[in-house]
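*Asks:* Sequence first, then the predicted structure:
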Amino acid sequence: MALTMHPSLAVHPGDWLKTEIVEAHGVTINRLAESFHVSRQAISNLLNGRAALSAEMAIRFEKAFGIAADTLMRMQTAYDLAQARARESDIVVDRILKAA
C-alpha cells in the first residue's frame, strides 16, 4: 500500500526557502540574485511559488547556505506529486494490459 501526502501538507520549496533561509539570513532578493548570478525575476518567481526549483538553483542554494540540493529537490518532487494527486481525477488514462 502506497502512502500519499495530502496536497495541503506539501510546501513549495520556494516558500520554505523564502521564510526559513532567505529571510532568516536577512538577505534581499536583489542581493541573492546578484550572488547567484541570476535575474531578480528568477529568484522572485521561485520564492513566491510561481516557478519550480531547478536542480541548478538547488545547487546554488547549497553553495550559498549549505542546505543539501538533494533535500530541496525532494521537496520539489513531493510538491509536484501532491499537486498532481489533487487533480488525479482529471487525468484520463486507458489501462494497458500485457499482450497475450
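*Replies:* Yep, that arrived. Numbers count the residues shown, from 1 in each chain.
*Asks:* thinking His78 is in contact with Ala10, fair?
*Replies:* Slight slip there: residue 78 is Ala, not His. Yes - at 5.5 Å, Ala78 counts as touching Ala10 under the criterion of CB atoms under 8 Å. Glycine gets a C-beta too; all of them are placed from N, C-alpha and C.
*Asks:* out of these two, which sits in the busier spot?
*Replies:* Neighbours around Ala78 and Ala10, counted as other CB atoms under 10 Å, are more numerous at Ala10. The numbers are 19 against 15.
*Asks:* Ala82 is in contact with that one, correct?
*Replies:* Yes - using CB under 8 Å, Ala10 is in contact with Ala82, at 3.4 Å.
*Asks:* Name the residues contacting each of the two.
*Replies:* In terms of CB atoms under 8 Å, 6 or more residues apart in numbering, Ala10 and Ala82 are not both contacted by any residue.
*Asks:* Spatially nearest residue to the spatially most central residue of the chain (excluding sequence neighbours)?
*Replies:* Taking CA atoms, centre = their mean as the criterion, Gln76 is the residue nearest the geometric centre of the chain, at 3.1 Å. Take Gln76 and drop its neighbours on the chain: the residue closest to it by CB to CB, 6 or more residues apart in numbering is Leu53, 4.5 Å away.
*Asks:* State the number of residues packed around that neighbour.
*Replies:* Neighbours around Leu53, by other CB under 10 Å: 22.
*Asks:* Against Asp90, how distant is it?
*Replies:* 24 Å (CB to CB, to the nearest Å).
*Asks:* ditto for Phe36
*Replies:* Distance from Phe36 to Asp90, by CB to CB: 36 Å.
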